[in-house]
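Undergrad: here is the input, now give the coordinates:
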Amino acid sequence: MVARKGAGSLRGVRRVLKVLGIVVLVVVGLVVALLVVGSAMPTVAQDYYEHVEAGGPVEARYTAMGPYQVGHQDFDAADDTIKKYEVWYPADLEGSDRAWPVVVVANGTGTPASKYQAVFEHLASWGFVVVGNEDPSSWSGESCERSLAFLLAQNEDAQSVFYQRIDGERVGLAGHSQGGVAVVNAATTQPHAMTYKAVFGASTTFQLLAQNLGWPYDASAIKAPYLMVAGTGASDAGDGKEDGNAGIAPLWSMHENYDAVGADVPKAMARLVGAEHGDMLSKADGYMTAWFCYWLQRDAEAGSAFLGDDAEILTNPRWQDVAVSLADPEGALED
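TA: So this is what the prediction gives:
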């Protein structure tokens, strides 16, 4: 009897070890997939906005280049990790007497700012000062913090082209993949967390995978208006099952993050039909730009993509699994 009981216990241990082994293999596979997708991600084409087929007039308007010519400057960060700060801005800034809104961009895995400068240029053409850097591991939000701190310091430097031209009260935050994790952490754990007035996360790495990579984040701590998007392609969505072959940003993970954000915080989520993980830098740009134009510039036309029962995103054939809750905590929608 004792021998049989010991054998049964041994078989039980073996079963547990087998299950643990499978879990480890799944996690390792997901990590490898994430790193392969990230490292293979190409530079965003300079004219990508001319080839994206929008599904509505608002999306089409903000996918196109904006009304401003664009200037660009690089600054040595004196740091081997960040390397440099890259800033794109409306050329009119140099001769203006007003402050301009800001968008800080967090890098995805294998996608530093120098790989998607076209996105920076596009946002700048809509009237934003856009800043990023070369950090290869942005998840903590620390490099976003440093980019913003650099720009705010430039605003106080009488020798800088940005002197008194940066509006520190109108700051947005955007990131893709690992950068989607970074924007949550930058907006919740970093010193300037409460500075951000709008957040955009594309294909944010799902919680379990992020934790196993050492990238913890807590979407429930977000307090700024938050738009989250992902693609329905396999690299983002996987097989759609929570215990199956998950992609990097499956639907159940998006629901998990969306539901975690407080009911009093304006939020929206949607998935781009047929889009793969790497597509979300460019193909979702129209609504990303509209999100920032609404929250940081009070652009009513941009807001019509998300506001009301006839919000464009609700009937746009390019987008599915849409959820929108634009609450107005303490008059946040007022000028």
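Undergrad: run a quick neighbour tally on G262.
TA: Around G262 there are 15 other residues, counting by other Cβ atoms under 10 Å. C-betas here are computed from N, CA, C, even on glycine.
Undergrad: what residues are up against it?
TA: By Cβ atoms under 8 Å, 6 or more residues apart in numbering, the contact list for G262 reads 220, 222-223.
Undergrad: return the list of strands paired to the biggest strand by length in the chain, each annotated with direction.
TA: Ranked by residue count and defined by DSSP state E, the top strand of the chain is strand 166-176. The strands beside strand 166-176 in its sheet (DSSP bridges) come out as strand 100-106 (parallel), strand 196-202 (parallel).
Undergrad: after that strand, next one along is what?
TA: helix 178-186 (DSSP states H and E).
Undergrad: show the average pLDDT along that following helix.
TA: Helix 178-186 shows a mean pLDDT of 97.
Undergrad: about what we covered before: what residues of the longest strand of the chain count as buried?
TA: 166-167, 170-176 (16 or more other Cβ atoms under 10 Å).
Undergrad: name the nearest of the contacts of G262 relative to D79.
TA: Checking the contacts of G262 against D79 with Cβ to Cβ, the nearest one is I222 at 27.7 Å.
Undergrad: okay, now A198: neighbour count?
TA: Counted with other Cβ under 10 Å, A198 comes out at 24.
Undergrad: I figured it hits W291, correct?
TA: Yes: using Cβ atoms under 8 Å, A198 is in contact with W291, at 6.2 Å.
Undergrad: and W88, what is it in contact with?
TA: Contacts of W88 by Cβ under 8 Å, 6+ apart are 70-72, 117, 120-121, 123-124, 129-130.
Undergrad: which parts of the stretch 1-150 of the chain are helices?
TA: Ranges of helices in the stretch 1-150 of the chain, per DSSP state H, counting those that start in this stretch, are 2-39, 57-63, 117-124, 142-155.
Undergrad: other SSEs contacting the shortest one?
TA: Right, helix 57-63. Under the contact definition 3 or more Cβ pairs under 8 Å, 6 or more residues apart in numbering; DSSP states H and E, helix 57-63 sits against helix 285-297, helix 300-303, helix 312-315.
Undergrad: in that helix, what's buried?
TA: 58-59, 61-63.
Undergrad: do the same with stretch 304-314
TA: Buried residues in stretch 304-314 (16+ other Cβ under 10 Å): 304-307, 311-314.
Undergrad: what about the stretch 51-200 of the chain, any weak spots by pLDDT?
TA: Within the stretch 51-200 of the chain, no stretch has pLDDT under 70.
Undergrad: wait, what's in contact with E53?
TA: Contacts of E53 (Cβ under 8 Å, 6+ apart): R318.
Undergrad: do F162 as well
TA: Here F162 is in contact with 87, 89, 93, 129, 151, 154-155 (Cβ under 8 Å, 6+ apart).
Undergrad: adding distance to D299 and neighbour count, write the residues you listed out as JSON lines.
TA: Output for these, formatted as JSON lines (distance: Cβ to Cβ, whole Å; neighbours: other Cβ atoms under 10 Å):
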{"residue": "V87", "distance to D299": "22", "neighbour count": "25"}
{"residue": "Y89", "distance to D299": "18", "neighbour count": "28"}
{"residue": "L93", "distance to D299": "18", "neighbour count": "20"}
{"residue": "V129", "distance to D299": "16", "neighbour count": "27"}
{"residue": "L151", "distance to D299": "22", "neighbour count": "24"}
{"residue": "Q154", "distance to D299": "25", "neighbour count": "21"}
{"residue": "N155", "distance to D299": "23", "neighbour count": "18"}
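Undergrad: and the gap between Q164 and G274?
TA: With distances taken as Cβ to Cβ, to the nearest Å, Q164 is found 45 Å from G274.
Undergrad: looking at those two, which one has more neighbours?
TA: Q164 (14 against 11).
Undergrad: now R271. Its backbone dihedrals?
TA: phi -120, psi 140 (degrees, to the nearest 10).
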